[in-house]
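> Make a model of this:
(one chain, ligands or ions: 3)
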Amino acid sequence: QGRVVALLFLDLDGFKRVNDTLGHSVGDQLLQAVADRLKERLRGDDFVARPALDESGMHLARLGGDEFTVVLPHLEDAQVVGLIADRLQAMLAQPFHIGSQEVTVTSSIGIALFPGDGDDASTLLKHADTAMYHAKSLGRNNWQLYDRSLTTAAIRRLALENDLRKAIERDEFRLFYQPQVLAADGTIVGVEALIRWQHPEHGLVSPGDFIPVAEESGLIVPLGEWVMRTACRQLVDWQERGALVPRVAVNISATQVRGADFIGAVSSVIDETGIGADQLELELTESILMDPDLRRIEGLSRLRARGVHFSIDDFGTGYSSLSYVKRFPISMLKIDQSFVRGLPDSANDAGITTAIIAMARSLGLEVIAEGVENARQADFLRRAQCDKLQGYLFSRPLPAAEVEQLLLQGRI
Ligand code: C2E
Ligand code: MG
Ligand code: MG
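Ligands and ions are numbered 1, 2, ... in the order given. Down below sits the predicted model:
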């Protein structure tokens with residue numbers, strides 16, 4: 001008929017958080033409420049673009065999870081679709097009342113148009129989905145039209161995943177180590193292992209660029225084990241050469257902890273490398289704290305009983321509540337560098353930092369501040385009684401041989 005058909009792919013932002021914090025029953029009811037609102041309003045008179053639409057021809061479906069699609073089969077004019085997407089987002093952003101809870105969600109929408117973006121249903125769905133991911137990556141709560149270059153980006157991501165797979169076999173990963181010092185006198189009390197990828201074509205790739213891909217593809221499990229094993233071996237190696245360091249800290253992704261046998265993997269690494277269990281510190285993310293799985297908490301507690309330390313990385317940027325912190329066998333909080341950056345001049349950052357330190361103290365936890373770059377920040381943190389410091393002011397992350405020199409010195 002020579003008309004444009006639009007396929008809108010809608011995904012709720014942060015739905016998983018609703019499930020995790022308020023429970024699956026609230027999550028289920030929220031999905032129903034979203035569906036009802038979409039159904040009702042899509043047909044209602046208040047629909048802004050209604051005159052441009054043939055009402056009977058608008059189709060709504062739930063694809064699964066928190067994903068919905070809207071098909072607009074008789075668009076006279078492709079411009080209208082943006083208005084509709086705006087309108088959908090605005091009406092979903094109104095709070096939902098679920099039982100006694102008020103829940104607010106936003107949504108991300110990807111749009112594919114027939115015939116330009118594909119001429120069959122599966123192609124249109126795939127492209128609308130790609131556009132939706134693009135909308136999410138731009139910060140959520142917005143809509144995006146599909147664009148061919150997005151597929152190029154998706155292909156690039158696949159290539160990266162392939163390269164990652166081979167990188168483990170080809171031994172392209174390296175660990176750098178950044179010292180952690182006592183705030184009081186600069187004594188080195190630990191090092192944090194930070195991964196680097198020496199890519200044959202792209203050079204040094206930073207973890208921010210490939211860890212998310214490793215997480216999504218499941219490669220983080222073997223990669224994470226490699227990091228743990230290499231870091232522990234390194235500590236034992238330093239020890240044998242007289243360069244003593246009390247602890248090595250290893251970053252652990254949430255997906256890794258949720259993986260099949262995380263606890264077993266940590267235990268084998270300790271046994272195989274001969275590191276003292278209390279010389280190993282695992283840096284967890286706040287999102288793990290939101291996961292109340294009892295068996296996992298018991299597993300972590302067993303490791304703790306063996307001596308392994310746990311800290312919470314980037315503390316203050318997530319959603320953890322005090323009760324969650326108490327449930328886990330945590331011994332240290334790492335104040336996120338975004339709060340350290342503004343010290344001492346930003347009243348907000350100073351307030352947050354002081355509050356985290358006071359809180360840690362009253363819970364019997366240690367505190368370390370990361371991203372300390374200058375003496376004024378260090379002074380503030382020392383005065384606020386932060387136990388340990390880490391950052392460029394003391395040392396950048398360095399290859400093992402260079403850290404060894406610092407360790408032999410003992411303090412910075
Ligand atoms: P993170 O664990 O919070 O590590 C701190 C990051 O801040 C590191 O970036 C470090 O190089 C950087 N940094 C340290 N001191 C300073 C400073 O004074 N100023 C500034 N501006 N930055 C500083 P990097 O090495 O790029 O790592 C980024 C993130 O990637 C890490 O954040 C961690 O979440 C993740 N990551 C790194 N290695 C691993 C790993 O082996 N496994 C996993 N799962 N994640 C890793
Ligand atoms: Mg870390
Ligand atoms: Mg951090």
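> element containing the nearest residue to residue 283 once chain neighbours are set aside, please.
Take residue 283 and drop its neighbours on the chain: the residue closest to it by Cβ to Cβ, 6 or more residues apart in numbering is residue 313, 4.2 Å away. Where you see a C-beta, it was placed from the backbone N, CA and C, and this is true even at glycine. When secondary structure is defined by DSSP states H and E, residue 313 falls within strand 309-315.
> what are the ranges of the helices in the stretch 301-412 of the chain?
322-327, 337-341, 347-362, 375-383, 400-409 (DSSP state H, counting those that start in this stretch).
> of those helices, which approaches ligand 1 most closely?
Proximity to ligand 1 (Cβ to the nearest ligand atom) singles out helix 337-341 among the helices of the stretch 301-412 of the chain, at 5.8 Å.
> circling back to that earlier point, how big is the angle separating the strand holding residue 313 from helix 347-362?
On the basis of axes from the mean of the first three to the mean of the last three Cα atoms, to 10 degrees, strand 309-315 is oriented at 160 degrees to helix 347-362.
> Please save the CA atoms from strand 309-315 in PDB.
The C-alpha atoms that make up strand 309-315 are tabulated as PDB, following Å, rounded to 0.1, in the frame of the first residue of the first chain:
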ATOM      1  CA  HIS A 309      39.500 -10.800  52.700                       C
ATOM      2  CA  PHE A 310      36.600  -9.100  50.800                       C
ATOM      3  CA  SER A 311      36.300  -5.500  50.000                       C
ATOM      4  CA  ILE A 312      33.600  -3.500  48.200                       C
ATOM      5  CA  ASP A 313      35.000  -1.600  45.200                       C
ATOM      6  CA  ASP A 314      33.700   1.800  44.000                       C
ATOM      7  CA  PHE A 315      31.700   2.100  47.200                       C
END
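> So that strand, near ligand 1 or not?
Yes. Interface with ligand 1: strand 309-315 contributes 313, 314 (Cβ under 6 Å from any ligand atom).
> Sheet-wise, list the partners of that strand with their directions.
Note on strand 309-315: by DSSP bridges, its sheet partners are strand 280-284 (parallel), strand 332-335 (parallel).
> Grab the longest strand from the chain for me.
The residue-count maximum for a strand in the chain (DSSP state E) belongs to strand 188-199.
> buried set for that strand?
188, 189, 190, 191, 192, 193, 194, 195, 196, 197, 199 (16 or more other Cβ atoms under 10 Å).
> Can I get those residues in TSV including pLDDT and distance to residue 295?
Shown next, in TSV, are those (pLDDT from 0 to 100; distance: Cβ to Cβ, whole Å):
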residue	pLDDT	distance to residue 295
188	98	36
189	97	32
190	98	29
191	98	31
192	98	28
193	98	27
194	98	30
195	97	28
196	96	34
197	95	33
199	89	38
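> so which two of the residues you listed are the farthest from each other?
189 and 199 (33.0 Å; Cβ to Cβ).
> The buried residues of strand 188-199 into a markdown table, with extra columns for distance to ligand 3?
Shown next, in a markdown table, are those (distance: Cβ to the ion, whole Å):
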| residue | distance to ligand 3 |
| --- | --- |
| 188 | 19 |
| 189 | 17 |
| 190 | 14 |
| 191 | 14 |
| 192 | 9 |
| 193 | 13 |
| 194 | 10 |
| 195 | 14 |
| 196 | 16 |
| 197 | 19 |
| 199 | 23 |
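> For whichever helix or strand comes after the longest strand of the chain, give the mean pLDDT please.
Downstream of strand 188-199, the first helix or strand assigned by DSSP H and E is strand 203-205. For strand 203-205, mean pLDDT rounds to 88.
> check whether strand 203-205 contacts ligand 1.
No. No part of strand 203-205 sits close enough to ligand 1 to count as contact by Cβ under 6 Å from any ligand atom; the gap is at least 10.0 Å.
> so how far is that strand from its chain's centroid?
Its chain's C-alpha centre and that of strand 203-205 lie 21 Å apart, by Cα atoms, centre = their mean, to the nearest Å.
> How about residues contacting the helix or strand just after that strand?
Sequence order places helix 207-217 as the next helix or strand after strand 203-205, per DSSP H and E. Here helix 207-217 makes contact (Cβ atoms under 8 Å, 6 or more residues apart in numbering) with 157, 160-161, 164-165, 194-197, 219-220, 223, 253-255.
> How about stretch 301-316?
247, 249, 251, 263, 266-267, 270, 276-278, 280-286, 289, 300, 320, 325, 328-337, 339, 352, 356, 366, 368.
> Keep only those residues that also lie close to ligand 1.
Restricting the contacts of stretch 301-316 to those near ligand 1 - Cβ under 6 Å from any ligand atom - leaves 251, 283, 337.
> Including distance to residue 404, could those go into CSV?
Formatted as CSV, those follow (distance: Cβ to Cβ, whole Å):
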residue, distance to residue 404
251, 21
283, 22
337, 25
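> For the residue nearest to residue 280 when sequence neighbours are not counted, grab phi and psi.
Using Cβ to Cβ, 6+ apart and skipping the chain neighbours, the partner closest in space to residue 280 is residue 308 (5.3 Å). The phi/psi pair for residue 308 (degrees, to the nearest 10) reads phi -60, psi 140.
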